[in-house]
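Undergrad: Prediction below, plus the sequence it came from.
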Amino acid sequence: MNAMNEYILAIDLGTSGPKITLVTVGGELIAYEREKTKLYLLPDCGAEQDPADWWKAIRRATRRLLKREPVPAEAIVAIGCTSQWAGTVAVDREGRPLMNALIWMDARGAPYVKHIVRGPVKVAGYGATRLITWLRLTGGVPGLSGKDPIGHILYIRGQHPDIYQKTYKFLEPLDYVNMLLTGQFAASYHSITMHWLTDNRQIDRVRYDPKLLKMVGIEREKLPDLKKGTHILGSIRPEVAIELGLTPDVQVVMGAPDLHAAAIGSGAVQDYAGNLYIGTSSWLTCHVPFKKTDVLHSIGSVPSAVPGRYLVINEQQMAGACLNFLRDNILYPAEELARVGGGQIAYGLLDQLAREAPPGSDRLIFTPWLNGERTPVDDHLTRGGFYNLSLQHKRAHLVRAVMEGVAFNTRWLLGYVEGFIQRKLNAIHIGGGGAHSEVWCQVQADVLKRPVHQIKEPIQATARGAALLAAVALGYVSFDDVTRLVKVATIFEPNTANSHIYDELFQEYLQLYRRNKGIYHRLNRPEHSPSGRIP
């Protein structure tokens, strides 16, 4: 079959649910469907999802998409997967989940992480000797918030020892989906990173390190074998092909977590090309040719989905989720949301409201730390809110303040990222659902004082990245082609007329964290929770 008539099915398993997208081998989006999945937030800083719910949603969306027949099923040559990162699925030898998945928001492992990083001489909360070992080998260190998979696994071992003993493999969400598709238990050099158990010094030969495994106390056999992101796992399982409506010769490529896939799908694959993604959470990344760590601000360069390269990683906990929270819990409760026509229409209304408020929202400031923060501070106890709220403020001010608060947090991070790479990010590509909003893109440009390049179909950045990674693996394109293949829809230049107000409010934003940190820690300290201490 001619390559121009061949397609890749991209599975993008986000926190809110999967998107299933058909993409040409040249990165052009053809059609997509999406489904929602439930998120279970528990009172002791737990955040779980049901892996069975993931698969049912993937199956429903895939069958619905293929039923529309946008392309013949036999024209689909491969599946490329991406997913939310830093989650943990404990499975038995048959690949069956033994409990709900602990996702990237779950902080119940915090006390266990603090236990394994202890030492007589501490630096930034870590025992100096152990800190040096982690930094030397991995380029990073387990977050003290406990939200990394290493924290999840230690929590399961401490609180659910029976499940820990029964677990055959601990899998990332991405690697769990690949296992369902192929029957193989595998992880990539980059999906495994936040377990902090691999020696990443040789970027083309990442391996589990025996010293790290011993230091943490996790058995190697409970972890999947490692592959490159461009590795072809093999053909889809015949019974799964029938279930999804595909042919049995479809190839499954290893793929990448959302952060890595979005960097490719935004076209930011060259060294020092900036990428800002605004989804449920947010991150600011760029590829670099070196391994390095800023432990004080939770920034590091770790194995990328692009072989032989490192990616600067960080994650701000809440971004688009803040706007969803405002929409669903304050402005448009369920019955009102139904009246105005549903979530997507409500987003348009939010954009209209944001345009009505002036830059700076009449000095109303929103802090987006609704579930703590990862970068540029690792603090799972801090919380969000509106500050300087008055009787003069309207709905429009609330909406715009949320957009500006997320942008302030990105600006906070930007300073540390640019210090980390020792250069300025001259332009930043933006993708994710939040990048659909032209208002929000302009707010980001104004607050960051950087040109912001809104990519075409920004909500599909991760799916496009997964598909392009698969296309590279199968030999249709090269990574050098990606920048050309990803189109920019609009360039938003910073409006210097807004610089004064945003500079002023940004300084106050920083003070809000510094002055209120102690209050948040006293209010949210988990010592009465079962997960607040090591048994």
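TA: Ah, there it is.

Undergrad: Could you measure from the closest residue to residue 375 other than its chain neighbours over to residue 193?
TA: Leaving out its chain neighbours, the residue that sits closest to residue 375 by CB to CB, 6 or more residues apart in numbering is residue 314, at 3.9 Å. All C-beta atoms are positioned from the backbone trio N, CA, C, and that covers glycine. Residue 314 sits 13 Å away from residue 193, going by CB to CB, to the nearest Å.

Undergrad: low pLDDT regions in the stretch 251-400 of the chain?
TA: 334, 337-338, 340-345 (pLDDT under 70).

Undergrad: Now do the strands in it.
TA: 251-257, 274-278, 282-288, 293-294, 299-303, 310-313, 365-367, 385-387 (DSSP state E, counting those that start in this stretch).

Undergrad: Quick check: which of those strands is nearest to residue 475?
TA: Evaluated with CB to CB, the strands of the stretch 251-400 of the chain place strand 251-257 nearest to residue 475, the distance being 11.3 Å.

Undergrad: partners of the closest one, with directions?
TA: Looking at strand 251-257 with DSSP bridges, its partner strands are strand 76-83 (parallel), strand 232-235 (antiparallel).

Undergrad: right, so these: which one is the most enclosed?
TA: strand 76-83 (a mean of 27; mean count of other CB atoms under 10 Å).

Undergrad: Mind jotting down where the helices sit in the stretch 401-535 of the chain?
TA: Along the stretch 401-535 of the chain, the segments classed as helices by DSSP state H, counting those that start in this stretch run 438-448, 461-473, 479-485, 499-524.

Undergrad: before we move on, the earlier item: with residue 287 as the reference, measure out to the residue nearest to residue 375.
TA: For residue 314 relative to residue 287 (CB to CB), the value is 14 Å.

Undergrad: Who has more neighbours out of residue 314 and residue 193?
TA: residue 193 (30 against 21; other CB atoms under 10 Å).

Undergrad: sorry, back to before: correct me, but the residue nearest to residue 375 touches residue 414?
TA: No - in this structure, residue 314 is not within contact of residue 414 by CB atoms under 8 Å, at 10.3 Å.

Undergrad: joint contacts of these two?
TA: Overlap of the contact sets of residue 314 and residue 414 (by CB atoms under 8 Å, 6 or more residues apart in numbering) consists of residue 284.

Undergrad: follow-up on the earlier one: the residue nearest to residue 375 and residue 276, how far apart?
TA: 11 Å.

Undergrad: which residues do the two both contact?
TA: Counting by CB under 8 Å, 6+ apart, the residues touching both residue 314 and residue 276 are 283, 284.

Undergrad: Endpoints of stretch 308-320, how far apart?
TA: End-to-end distance of stretch 308-320 (CA to CA, to the nearest Å): 32 Å.

Undergrad: List the buried residues for it?
TA: By 16 or more other CB atoms under 10 Å, the buried positions in stretch 308-320 come out as 309, 310, 311, 312, 313, 314, 315, 316, 317, 318, 319, 320.

Undergrad: What of stretch 497-505?
TA: For stretch 497-505, by 16+ other CB under 10 Å, it's 498, 501, 502, 505.

Undergrad: got the CA positions of that stretch in CSV?
TA: Extracted in CSV, the C-alpha atoms of stretch 497-505 (Å, rounded to 0.1, in the frame of the first residue of the first chain):
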residue,chain,number,x,y,z
ALA,A,497,1.3,47.4,27.4
ASN,A,498,0.4,44.7,29.9
SER,A,499,3.9,44.2,31.2
HIS,A,500,3.6,46.6,34.2
ILE,A,501,0.5,45.0,35.7
TYR,A,502,1.7,41.5,35.2
ASP,A,503,5.2,42.2,36.6
GLU,A,504,3.6,43.7,39.7
LEU,A,505,1.1,40.8,40.2
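
Undergrad: buried ones in stretch 68-77?
TA: Neighbour-count burial for stretch 68-77 [16+ other CB under 10 Å]: 71, 76, 77.

Undergrad: ok, residue 168 touching residue 96?
TA: No - using CB under 8 Å, residue 168 makes no contact with residue 96, being 9.4 Å away.
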